[in-house]
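Trainee: Please find the sequence and the predicted model below.
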Amino acid sequence: MALSETRKMKIIQITDLHLVPKGRSLFENDPGVRLEACIADIAANHADADLCVITGDLAHHGEHGAYIRLREALEALPVPVRLVIGNHDARDEFLQVFPEEPTDADGFVQSFIDTDAGRLLFLDTKKATGHAGAYCAKRQAWLKARLEEAAGRPCYLFMHHHPLPVNLRAVDEIMLEDPDAFAKVLEGHDIRHIFFGHVHRPIAGSWRGIPFTTLRGLNHQLWLDFTIERGIPCSMEPPAYAIAFLQGGAVIVHTHAFLDASPKYMYDPDLPVEQQVVRMAPRETRITDNAQ
């Protein structure tokens with residue numbers, strides 16, 4: 001059944017944690033500290049969310065210790081979570097630490113949840129080697145069956161790799177391989193939205209008539225430069241997470257740079273001019289200086 005106009009489903013998306021074991025750093029930063037700050041912000045402001053989805057690259061080197069760190073951090077998250085793996089992840093190591101995470105009959109980390117809003121599908125696009133994505137015949141068969149089961153109901157996809165070029169060479173070289181085959185599986189089904197990670201940039205658009213969004217990673221970002229011909233230009237722009245509302249026939253996605261410490265003001269144009277703008281007291285930041 002369709003989600004009623006009064007009932008909103010609220011989903012948090014986090015992506016590209018790139019966790020390393022405790023005591024290590026990545027890009028002169030501790031990704032685990034940012035994850036803790038992100039979870040604290042969600043707990044403080046979005047504990048009413050129906051689900052949190054983390055769309056891959058949970059660990060930077062797929063290390064057992066990084067997944068242990070993720071499991072420990074998630075204990076503070078007051079929202080149900082579904083984990084998706086990405087190219088930096090190691091499927092076997094991940095499943096050793098998260099054995100309860102659903103897999104399909106072939107061992108891929110794929111699952112679905114049926115909700116009032118429709119069917120949410122969580123896809124495994126990790127390739128055996130390299131950083132590009134893959135969606136092989138076995139995975140396609142699983143997705144085809146799950147979409148057919150949905151019987152025309154709205155479907156929402158969560159995945160790591162992007163299935164279309166986003167005009168950023170560094171990540172388009174490692175996007176999902178054979179996107180035409182993937183698109184063919186989706187044909188004839190009511191795909192309302194695709195949420196993906198991997199690109200470390202806030203991007204929105206549509207692909208073959210399907211809306212999509214992605215967002216900044218939790219540790220480092222892809223610097224916005226359309227001219228770079230070699231390498232991957234990274235930056236330490238502020239991280240963000242997304243808050244998506246599924247309501248009726250609409251999908252609304254907000255992104256929140258939760259570590260943004262810029263000045264904030266309360267503005268009321270109905271007050272006298274000298275009282276219209278009031279600077280707000282700074283919020284407590286839940287992160288150490290070395291992660292800024």
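Mentor: Sure, I can see it.
Trainee: For the stretch 51-200 of the chain, just list every one of the helices.
Mentor: 64-74, 91-97, 137-150, 169-172, 179-186 (DSSP state H, counting those that start in this stretch).
Trainee: now those as JSON lines including distance to residue 106 and mean neighbour count?
Mentor: Heads up, the C-betas are built off the backbone N, CA and C, glycines and all. JSON lines is the format used below for these (distance: least, C-beta to C-beta, whole Å; neighbours: other C-beta atoms under 10 Å):
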{"stretch": "helix 64-74", "distance to residue 106": "21", "mean neighbour count": "18"}
{"stretch": "helix 91-97", "distance to residue 106": "11", "mean neighbour count": "16"}
{"stretch": "helix 137-150", "distance to residue 106": "5", "mean neighbour count": "16"}
{"stretch": "helix 169-172", "distance to residue 106": "27", "mean neighbour count": "18"}
{"stretch": "helix 179-186", "distance to residue 106": "16", "mean neighbour count": "16"}
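Trainee: Can you say which of these is nearest to residue 119?
Mentor: Nearest of the helices of the stretch 51-200 of the chain to residue 119, taken as C-beta to C-beta: helix 137-150 at 4.6 Å.
Trainee: what does the closest one contact?
Mentor: Outside helix 137-150, the residues that touch it by C-beta atoms under 8 Å, 6 or more residues apart in numbering are 104-106, 108, 110, 112, 118-119, 121, 123-124, 135, 155, 181-182, 185-186, 189-190.
Trainee: let's go with 10 Å and repeat that
Mentor: The contact list for helix 137-150, computed with C-beta atoms under 10 Å, 6 or more residues apart in numbering, reads 104-108, 110-112, 114, 118-119, 121, 123-126, 135, 153, 155, 157, 178, 181-182, 184-191.
Trainee: Kindly export stretch 171-189 (C-alpha atoms) in CSV.
Mentor: C-alpha atoms of stretch 171-189 as CSV (Å, rounded to 0.1, in the frame of the first residue of the first chain):
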residue,chain,number,x,y,z
VAL,A,171,35.4,8.2,-9.9
ASP,A,172,33.8,7.5,-13.3
GLU,A,173,36.8,5.3,-14.1
ILE,A,174,35.7,3.1,-11.2
MET,A,175,31.9,3.3,-11.5
LEU,A,176,29.6,0.3,-11.9
GLU,A,177,30.7,-1.8,-14.8
ASP,A,178,28.2,-2.7,-17.5
PRO,A,179,25.5,-0.3,-16.4
ASP,A,180,23.3,-1.3,-19.3
ALA,A,181,22.9,-4.8,-17.9
PHE,A,182,22.0,-3.3,-14.6
ALA,A,183,19.5,-0.9,-16.1
LYS,A,184,17.8,-3.8,-18.0
VAL,A,185,17.0,-5.5,-14.7
LEU,A,186,15.3,-2.3,-13.5
GLU,A,187,13.1,-1.9,-16.6
GLY,A,188,9.4,-2.2,-16.0
HIS,A,189,9.6,-1.7,-12.3
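Trainee: can you list the weak-confidence ranges in the stretch 51-200 of the chain?
Mentor: Regions of the stretch 51-200 of the chain meeting the criterion pLDDT under 70 are absent.
Trainee: can you tell me how far residue 67 sits from residue 18?
Mentor: Shown here: residue 67 relative to residue 18, a distance of 12 Å by C-beta to C-beta, to the nearest Å.
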